[in-house]
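In: Just to be clear, the model below is a prediction. Sequence and coordinates:
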Amino acid sequence: MTSSYNKQMTIESKLRKQLETKIHEIEEEKGGERRGGRAEDLNLLNAKLEADKAKLEHKVIELMAERQLLEDSISIPK
């Protein structure tokens, strides 16, 4: 059980890092587009990145729920 829990924690950590990286990329690319890009390109880029962000957030939520189930299943009854 501990191995499975550790694996879930590792996956969750990696997904959180990916989410943080995507958010950072969004902020950087928006800044670059504001300096001279076209509005249509910015809107398309924003939509794609927001979709990626939503997918990653959903995956993190799923993993958090799965982790909670694992924690509940290995807890020692009182």
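Out: Everything's here; your move. Numbers count the residues shown, from 1 in each chain.
In: all contacts plus neighbour counts: C-alpha atoms, from now on.
Out: Fine.
In: So, low pLDDT: which residues of this structure?
Out: Applying pLDDT under 70 to the chain flags residues 1, 31-37, 76-78.
In: Just give me the longest helix of it.
Out: helix 39-74 (DSSP state H).
In: Name the residues of that one that are buried.
Out: If you call a residue buried by 16 or more other C-alpha atoms under 10 Å, then helix 39-74 has these buried ones: 42, 45-46, 49, 52-53, 56-57, 59-60, 63, 67, 70.
In: helices or strands next to that helix in the packing?
Out: helix 2-34 (3 or more C-alpha pairs under 8 Å, 6 or more residues apart in numbering; DSSP states H and E).
In: What is the helix it packs on packed up against?
Out: Against helix 2-34 (3+ C-alpha pairs under 8 Å, 6+ apart) you get helix 39-74.
In: Give me the angle between the helix it packs on and helix 2-34.
Out: 170 degrees (axes from the mean of the first three to the mean of the last three C-alpha atoms, to 10 degrees).
In: Centre of the chain to helix 39-74, how far?
Out: Averaged C-alpha coordinates place helix 39-74 at 4 Å from its chain's average position (C-alpha atoms, centre = their mean, to the nearest Å).
In: Equivalent analysis for stretch 16-27, please.
Out: Distance, centroid of stretch 16-27 to centroid of chain: 8 Å (C-alpha atoms, centre = their mean).
In: which parts of that stretch are buried?
Out: For stretch 16-27, by 16+ other C-alpha under 10 Å, it's 16, 18, 19, 22, 23, 26.
In: Would you mind confirming that the fifth one makes contact with residue 52?
Out: Translated: residue 23. No - checked against C-alpha atoms under 8 Å, the pair residue 23 and residue 52 is beyond contact range at 9.6 Å.
In: ok, so of the buried residues of stretch 16-27, who is nearest residue 38?
Out: Relative to residue 38, the closest of the buried residues of stretch 16-27 is residue 26; by C-alpha to C-alpha it sits at 15.6 Å.
In: wait, what's in contact with that closest one?
Out: 46, 49 (C-alpha atoms under 8 Å, 6 or more residues apart in numbering).
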